[in-house]
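A.B. asks: The following comprises the amino acid sequence and a computationally predicted model.
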Amino acid sequence: MSNQLLSYPKALPLSDWSNMASGLSAQAGEDVEPSPFTVLDCFDQSIRQSGRLLIETEGALVLMEADGRLLRQPAARKGNFVADLADGPVKHHLSDMSPLRCLLDLGQGELVKDQLRLVDDEEKTHLRVDVLRFSKDNKTVSLMALTPVRGYDKAQKQVTKGLLTAGASVATPGQIQSVLFPDLVPYVAKPKLSFAPETTAVAAANQIIAAYLSVARQNEPGTIADFDTEFLHDYRVALRKIRSVLSLFKGVYGDAATAELKQRFSDLMAPTGALRDLDVYLLEQDYYFDMLPENLHEGLRLMFETFATDRKDALTTVTKRLKSVAYNREMAELQVMFETPGEIVQGPQGGLTVGDYAKRLIWKRYRKVCKTAAKIDDQTPDEEVHELRISCKKLRYLIEFFAPQFDGAEIKAILKPLKKLQDNLGLFNDYSVQQESLQALISSGRLKGQTALKAAQSIGALISILHGRQLEERARVVQSFAGFDSQGTRERFRTLFHEKGAQS
Amino acid sequence: MKIIACYSNKGGVGKTASAVNLAYAYAQSGARTLLCDLDPQGASGFYFRVKPSKKLKEAKFFEDVERFTKAIRGSDYENLDILPANLTFRDFDIFLSRMKNSRSRLKKALQGVDGDYDVILLDCPPNLSALSEAVFKAADHIVVPVIPSTLTERTFAQLVTFFDEQGLKAKKLKPFFSMVQARKTLHGDTMARMRKSYKGRFMDTHLPFSTDVEKMGVHREPTMAFAGNRPAGKAYQALWQELEKRT
């Protein structure tokens, strides 16, 4: 017994419904006027990607599940994050959405919603049907959502069969977007690029950089509008990926060109750092409050008030810059540069095929990771642990850039233990960075008077807790690497990236 | 999940009406509710237009899970399902033990279709039998309608004695006065006397004698659904609220 969503363009007279289910008659609901609806989804259209549709109409949020089941709750809400919605079935069923992403208005249209019931001789309902007609401009999608009543499956089976025979087809909620809003292309934060075997390393680098430039640009409007912090985050991740291509793909571009490009991308990214740092602090407020006892919360509160004010200024700076003519000209210029073959001076390795080049780079980086790790024991200074972290990060980026060139299952098997090692190294680094930046906040003189005094107490306590946590992570590093450095992983790296005549 | 039984060892006291209306009230409050019609003379199913299912008897050879899930019928109200009256004592015993075991296949099957229950209401037959004893053990609370007359006063005393003798928890009993006629001195006196001798046990809410309860048979709907704003409808709402508070 499950719900069913069908698409059927025509309106059926009541008698047709009665004919489809033996012994039952159809009862129409009240006549309804068309009403406007708004499609709501996150920027990455994660609701659509999960096969569902969320709309707001007539003061209600209506979530259509993949099978056509309709959940509804009042639309009134504190904000546009799922957490801001009133408690109800829609919020409950959206709990798998990212807490960092807010819901955006992605399009408007008109909806006519008819309801009918199929009842027996005692007027007991056996089947409910919602007939939904979504339209925009002169395009229409007509859907029928069949909701069975437990214990009365027969009616649904008969009606479904009848409708399919009459020309209906099984539908998905996604048809609303694809038919009514064809321009709504889902945003992809990590574009999957695969290259033909004969592709040169320089062509591959160009394509990767062009793809991430496009990702960065898609995040500009959301950053300016300040919908949620993920826009700026994704924007920065895209630019960081480009910078890592420039520094990791050695010899692909000429030395002078590489140096110039590195500088230009560094200049693009630098003005956004302050805003991102503040975002991270503010997102992690609860984490900081949880760490300290109640009597030190006042100082924290003052600290976060300062951050909130600083964030406003930082946002203004970033917004101004993203809107500026100079910035937009620079981005456009870079886009053309990477989309036009031969625009950038090629380096000595640029002509290699992408497969050979990838293997060579990854193998070299892997050897380096092993070499760095071999020197680390429990007494090694922190700097070398940081070096291992950076090396692992570079290795991860390289593998991910070139993943489509290799066997998917093998890549997955390699990435899994690598990610685990990186989690440990990442936490070690986070605790260290958090201590440093809190320290810097005290010395910066940004906090003044009483605020400074109270905040300093709280910050001091935080730093000592973070230091303790950093030591705990540090103690796990040797063991973490041993977990990564298994016989199986070694063989995989060798087979994939080092053996002659292996797949390319 | 809580199990609430509506029981009286005397017939015609408004037991089925309270089971039907309480089930409706729970469902309206958002709780997934199952009303089990255990009284072969009762009419819980009838009030919801659910025809008795023949399947449970016919399908002995099925697994318990299938037999029970197939026998359950959705009512016309959200969150409210009915298990129609045709359970044998053995069936009922199995059913309750499966429902109380969160790892049973029946429980998992229900959870799998988003149809597990927060509240199970039992409309019990009016006698002291093996079935009622099983109900007394399984239920978390037993709602007992009592007409404030000398005869029912005695029947209620018998029930309390039975609980004491059998070592059952008399605390589970949640009696309330039913079919109360305010103009009758006898009713007023009996209520005062019983409230005094069973201190704190009787619910504060009482159900007035009302044709809106009888009319359930005409409308084939719970009183609360067609007369929610009239005295009887309001009294059932208040009864539910008080029960929620006490349980």
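C.D. replies: All right, it came through fine.
A.B. asks: and the nearest residue to residue A:465 once chain neighbours are set aside, how many residues sit next to it?
C.D. replies: Leaving aside its chain neighbours, residue A:465 sits nearest to residue A:291 (5.3 Å; criterion: C-beta to C-beta, 6 or more residues apart in numbering or on different chains). Just so you know, the C-beta spots here come from the backbone N, C-alpha and C atoms, and that holds for glycine as well. If you count neighbours by other C-beta atoms under 10 Å in any protein chain shown, residue A:291 ends up with 15.
A.B. asks: residues of stretch A:395-415 that come out buried?
C.D. replies: Within stretch A:395-415, the residues scored as buried using 16 or more other C-beta atoms under 10 Å in any protein chain shown are A:395-399, A:401-403, A:405-406, A:411, A:414-415.
A.B. asks: Stretch A:116-129 now?
C.D. replies: Applying 16+ other C-beta under 10 Å to stretch A:116-129 flags A:116, A:117, A:118, A:119, A:120, A:124, A:125, A:126, A:127, A:128, A:129 as buried.
A.B. asks: Can you add pLDDT and give the residues you listed back as a markdown table?
C.D. replies: As requested, the buried residues of stretch A:116-129 are exported to a markdown table (pLDDT from 0 to 100):
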| residue | pLDDT |
| --- | --- |
| A:116 | 92 |
| A:117 | 93 |
| A:118 | 94 |
| A:119 | 93 |
| A:120 | 92 |
| A:124 | 92 |
| A:125 | 94 |
| A:126 | 93 |
| A:127 | 94 |
| A:128 | 93 |
| A:129 | 93 |
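A.B. asks: now, which of these sits nearest chain B?
C.D. replies: Distances from chain B to the buried residues of stretch A:116-129, taken as C-beta to the nearest C-beta, are shortest for residue A:124 (3.8 Å).
A.B. asks: Who are the contact partners of the closest one?
C.D. replies: Shown in contact with residue A:124 (C-beta atoms under 8 Å, 6 or more residues apart in numbering or on different chains): B:48, B:49, B:50, B:51, B:76.
A.B. asks: check those against chain A, which are close?
C.D. replies: Residues of the contacts of residue A:124 in contact with chain A (C-beta under 8 Å from any C-beta of the partner chain): B:48, B:49, B:50, B:51, B:76.
A.B. asks: Not counting sequence-adjacent ones, nearest residue to the last one?
C.D. replies: Once flanking residues are discounted, residue B:76 sits nearest to residue A:125: 4.7 Å by C-beta to C-beta, 6+ apart.
A.B. asks: what's near enough to touch that neighbour?
C.D. replies: With the criterion set at C-beta under 8 Å, 6+ apart, residue A:125 makes contact with A:117, A:118, A:119, A:149, A:152, B:76.
A.B. asks: now, which of the residues you listed sits nearest residue B:236?
C.D. replies: Closest approach to residue B:236 among those (C-beta to C-beta): residue B:76, at 18.1 Å.
A.B. asks: quick one: that closest one is in a helix?
C.D. replies: No - counting by DSSP: H, G, I helix; E, B strand; the rest coil, residue B:76 is not part of a helix but coil.
A.B. asks: So which of the contacts of residue A:124 sits lowest on pLDDT?
C.D. replies: pLDDT is lowest at residue B:51 among those; the value there is 80.
A.B. asks: Can you get me a residue count around it?
C.D. replies: Look at residue B:51: counted by other C-beta under 10 Å, it has 13 neighbours.
A.B. asks: how about it, what does it touch?
C.D. replies: Taking C-beta under 8 Å, 6+ apart, we find residue B:51 in contact with A:120, A:122, A:124, B:45, B:84.
A.B. asks: in chain A, what spans have low per-residue confidence?
C.D. replies: Confidence mapping of chain A against pLDDT under 70 gives the ranges A:1, A:500-504.
A.B. asks: Point out the residues in it that sit beside chain B.
C.D. replies: So far as C-beta under 8 Å from any C-beta goes, chain A lies against chain B at A:1, A:2, A:120, A:122, A:123, A:124, A:125, A:148, A:149, A:150, A:151, A:152.
A.B. asks: ok, so of those residues, who is nearest residue A:322?
C.D. replies: Using C-beta to C-beta, the residues of chain A next to chain B come closest to residue A:322 at residue A:2, 47.0 Å.
A.B. asks: Excluding sequence neighbours, find me the nearest residue to the closest one.
C.D. replies: Excluding the flanking residues, the one nearest residue A:2 by C-beta to C-beta, 6+ apart is residue A:67, at 5.7 Å.
A.B. asks: what secondary structure does the closest residue to residue A:128 other than its chain neighbours sit in?
C.D. replies: If the residues on either side of it in the chain are set aside, residue A:128 comes closest to residue A:147, at 4.3 Å by C-beta to C-beta, 6+ apart. Under three-state DSSP, residue A:147 falls in the strand class.
A.B. asks: tell me the contacts of residue A:147?
C.D. replies: Per C-beta under 8 Å, 6+ apart, neighbours of residue A:147: A:3, A:68, A:69, A:70, A:127, A:128, A:129, A:130.
A.B. asks: 7 Å - rerun?
C.D. replies: A:3, A:69, A:128 (C-beta atoms under 7 Å, 6 or more residues apart in numbering or on different chains).
A.B. asks: Who are the contact partners of residue A:82?
C.D. replies: Contacts of residue A:82 (C-beta under 7 Å, 6+ apart): A:91, A:94, A:97, A:99.
A.B. asks: Skipping adjacent residues, who's closest to the third one in space?
C.D. replies: Of all residues not flanking residue A:97 in the chain, residue A:82 sits nearest, at 4.9 Å (C-beta to C-beta, 6+ apart).
A.B. asks: How about the last one?
C.D. replies: Spatially, and ignoring its direct neighbours in sequence, residue A:99 is nearest to residue A:83 (6.0 Å; C-beta to C-beta, 6+ apart).
A.B. asks: Any idea how many residues pack against the one you found?
C.D. replies: Residue A:83: 13 surrounding residues under other C-beta under 10 Å.
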